[in-house]
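Asks: Sequence and computational prediction follow.
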Amino acid sequence: MRPMLNPAAPSPLLTRRALLKTGMASVAGLSMPQLLALQAQASSSSGKAAARRVLVVYEQGGLSHMDTWDPKPEAVAEHRSPHRPISTSVAGIQFTSLLPHTAQIAHKLAVVRSMHHAKAGADAHPNGTQYALSGAHPSSPVEMPDIGCVVTKLMGTDAPSLPPYVMVPGNHEQAAETRTGFLPAALKVFKTGGRNLDDPGWKVADLLARPENGDQRLSGRQHLLQSLDHRFLTKPEGGPGAVRSLDGMERFYEQAFDTLTSPKVTQAFDLRTESDETRDRYGRGHRGACYLLGRKLIEAGVRFVTVDVRWPLTPDTPGGFNLNWDHHDLIYTPASCGTVRDKAGGEGRYGIGHWVMMGSTDQAFAALVNDLDERGLLAETLVCFVSEFGRTPRLNKFAGRDHWTNAYSIVFAGAGVPGGQVIGLTDRDGGYVVSQAFTPEDYATTIYEKLGLDRDKPIYTPANRPVFYGHLGRPIAELF
């Protein structure tokens, strides 16, 4: 199947430059109102700063693309996915039967089926995760920060009482691959933690005042600090330099007090404020709660959110102590892949078709996109569904699929992304990209471009060395 383009999307040929070449309206055979309408369309389609916030759904482990976004019904029978293609809301675009909910919102999505790694050395989970989070190859001479760190460094925040870059929940080994690189440690991602966010007792303790320090005691400490600051600030012998230094520290303290006392912080992290209908819509359990918390943080004004899910071991998932997408064996088993490491390393997982795997992902992702849209948040929020790589087009001897960096899929929605399109093409087996190849560098550059950041202006290291970000990639033009 050839990539389908959204017929409603503005023509890439319709640019300001093309319009200028038309000269006078009469020469082009256009009336003045027609020309003005075309100019407005060109201006709108070329405006790149459509996003104010970014929500990355990072499904770690290497999601199998031919079992989800890129069905291959003509693949060799013994390696073909049992999950057959299904129609979507866009004629000519198909996903597999594991995505029935998401298939109904295909008109809101742009699926890039032609992701690959052009350079070796990022084919394991730690370095693959670092690559996906930073958009810079792990072997780069300078360790690059996460995309979220760069974005918050350059754009600041719309919610001063909340961290500008949050990972939900960020508590497994791949979450350790987050980096600030050469940027200050203050830009480090805030990880909510939480073994099971569906637990009614879950809360983000690190952003709430300890019970023994709350209420009047916290208020009293704030007044005491303000009194001491005032004495120093009014002493002339302190000197102008001392005043500036103390004033800077005062701003940090005020921000800390705002975080500990702001009802907005409590509201943003409290899933109990959501209706049963909304909870059911996202799907009960850890994944639905994580995706929903991602929406709440975007709604609260957090600049960059990464939802990083690994379903926890619960009484309902015996043997499920490692529920990511690293299906080295028994990928199509209906239940647990086993608990003993006697195969290819796939123990602790459930088959990709189980509800806690693709079932919950499909439900939560469709709910997230629709919910953002209905709340008016999707227009200014770039949603990215990514994984560090794909899976091999051939099943191994353990009935699983191994790591594969030569072809995989990622998905975009919101922030002016023309939906209802597939970008790029892989071969019959899903093993190699055959058109419009893109890399994690291109993915990162696309995010920066969507946010309107000037990549010609470097960021400086503490040693005043200029470092350019996003300069090794190119924006994915079809997303603008």
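Replies: Perfect, I can see it now.

Asks: how about residue 168, what does it touch?
Replies: 192, 197, 290, 293-294, 297, 305-308 (C-beta atoms under 8 Å, 6 or more residues apart in numbering). C-betas here are computed from N, CA, C, even on glycine.

Asks: What strand or helix carries it?
Replies: strand 165-169 (DSSP states H and E).

Asks: ok, now residue 371?
Replies: Residue 371 belongs to helix 360-374, assigned by DSSP H and E.

Asks: any idea how far residue 131 is from the closest residue in space to residue 439 that isn't next to it in sequence?
Replies: Leaving aside its sequence neighbours, residue 439 sits nearest to residue 118 (C-beta to C-beta, 6 or more residues apart in numbering; 5.3 Å). Distance from residue 118 to residue 131, counting by C-beta to C-beta, to the nearest Å: 11 Å.

Asks: of these two, who's got more company?
Replies: Applying other C-beta atoms under 10 Å to residue 118 and residue 131 shows that residue 131 carries more neighbours, namely 29 against 13.

Asks: That one: what secondary structure?
Replies: helix (DSSP: H, G, I helix; E, B strand; the rest coil).

Asks: Moving along the chain from the helix or strand containing residue 288, name the first helix or strand you hit.
Replies: If you go by DSSP H and E, residue 288 is part of helix 286-300. Per DSSP H and E, the first helix or strand lying C-terminal to helix 286-300 is strand 304-308.

Asks: What are the contacting residues of that following strand?
Replies: So strand 304-308 is in contact with 53-58, 60, 133, 147-148, 151-152, 164-170, 172, 174-175, 189, 290-291, 293-294, 297-298, going by C-beta under 8 Å, 6+ apart.

Asks: In ChimeraX, how would I select just the buried ones from those?
Replies: The ChimeraX selection below is limited to those of the contacts of strand 304-308 classed as buried (16 or more other C-beta atoms under 10 Å):
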select :53,54,55,56,57,58,60,133,147,148,151,152,164,165,166,167,168,169,170,174,175,189,290,291,293,294,297,298
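
Asks: The protein - how does it break down into domains?
Replies: 53-203+270-479, 204-262 (automatic domain parsing).

Asks: can you tell me how far residue 178 sits from residue 414?
Replies: For residue 178 relative to residue 414 (C-beta to C-beta), the value is 23 Å.

Asks: Show me where the stretch 151-300 of the chain has its strands.
Replies: 165-169, 190-191 (DSSP state E, counting those that start in this stretch).

Asks: scratch that, the stretch 1-150 of the chain is what I was asking about
Replies: Assigned by DSSP E, counting those that start in this stretch, the stretch 1-150 of the chain shows strands spanning 53-58, 85-87, 94-96, 109-115.

Asks: so what does the second one touch, helix or strand wise?
Replies: Contacts defined by 3 or more C-beta pairs under 8 Å, 6 or more residues apart in numbering; DSSP states H and E place strand 85-87 against strand 94-96, helix 100-103.

Asks: ok, and for it, which residues are buried?
Replies: The neighbour-count check on strand 85-87 (16+ other C-beta under 10 Å) flags residue 85 as buried.

Asks: now the strand holding residue 168 against strand 53-58, angle please.
Replies: Here strand 165-169 runs at an angle of 30 degrees relative to strand 53-58 (axes from the mean of the first three to the mean of the last three C-alpha atoms, to 10 degrees).

Asks: for strand 165-169, the distance to its chain's centre please.
Replies: Distance, stretch centre to chain centre, for strand 165-169: 10 Å (C-alpha atoms, centre = their mean, to the nearest Å).

Asks: Now that strand: average pLDDT?
Replies: Averaged over strand 165-169, pLDDT sits at 96.

Asks: who does that strand pair up with?
Replies: strand 190-191 (parallel), strand 304-308 (parallel) (DSSP bridges).

Asks: So residue 447: helix, strand or coil?
Replies: Of the three states, residue 447 takes helix under three-state DSSP.

Asks: Do you know the pLDDT at it?
Replies: pLDDT, read off for residue 447, is 98.
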